[in-house]
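Participant: everything below, folded, please.
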Amino acid sequence: MYIAHGGWKLIRKEVADLFKNTKNPGFCSIIDLLDNFVPAALEVYTIIFKNQYFDEYVNTIFRLWMYMSKCNRKNYNKIMLAFISDVMNWKHIHHPILNLFKFN
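Facilitator: Got it, this is the predicted structure:
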């Protein structure tokens, strides 16, 4: 994924110029994948979670869940949705576990 992302950053402008007027859903999906979801997957743990940006971590998990849901990836879809549900419940009931995620 690192190689794909690095390569994409090198050629993105040229590819975007070539296909700027296309409405092909396949092309748009590939662009969306390379621009949004590959970087999110690369950063979700190594940068966001390790540096204790918990709210950004939850937002990124939500973005990844939307992509997995769109692609009908059932196992990935459910585990991310369960995590998001847990976090929302913990926020609603002011559960102390959130402090562990946010400050440790």
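
Participant: got a list of what the residue nearest to E56 when sequence neighbours are not counted touches?
Facilitator: Using Cβ to Cβ, 6 or more residues apart in numbering and skipping residues adjacent in sequence, the residue nearest E56 is I48, 5.1 Å away. Using the backbone N, CA and C atoms, a C-beta is placed for each residue, glycine as well. Residues near I48 by Cβ atoms under 8 Å, 6 or more residues apart in numbering: 56-57, 60.

Participant: tabulate these (CSV), appending distance to I79 and neighbour count.
Facilitator: Below are those laid out as CSV (distance: Cβ to Cβ, whole Å; neighbours: other Cβ atoms under 10 Å):
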residue, distance to I79, neighbour count
E56, 19, 15
Y57, 15, 22
T60, 14, 21
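
Participant: which one of those sits closest to I97?
Facilitator: Nearest to I97 among those is Y57, at 14.2 Å by Cβ to Cβ.

Participant: distance check, that closest one against F27.
Facilitator: Here the distance between Y57 and F27 works out to 30 Å (Cβ to Cβ, to the nearest Å).

Participant: what's the burial count for F49?
Facilitator: 16 (other Cβ atoms under 10 Å).

Participant: how near is it to D55?
Facilitator: For F49 relative to D55 (Cβ to Cβ), the value is 11 Å.

Participant: likewise N89?
Facilitator: Look at N89 and D55: by Cβ to Cβ, they are 16 Å apart.

Participant: can you put the contacts of I48 in a markdown table and add pLDDT?
Facilitator: Shown next, in a markdown table, are the contacts of I48 (pLDDT from 0 to 100):
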| residue | pLDDT |
| --- | --- |
| E56 | 87 |
| Y57 | 86 |
| T60 | 86 |
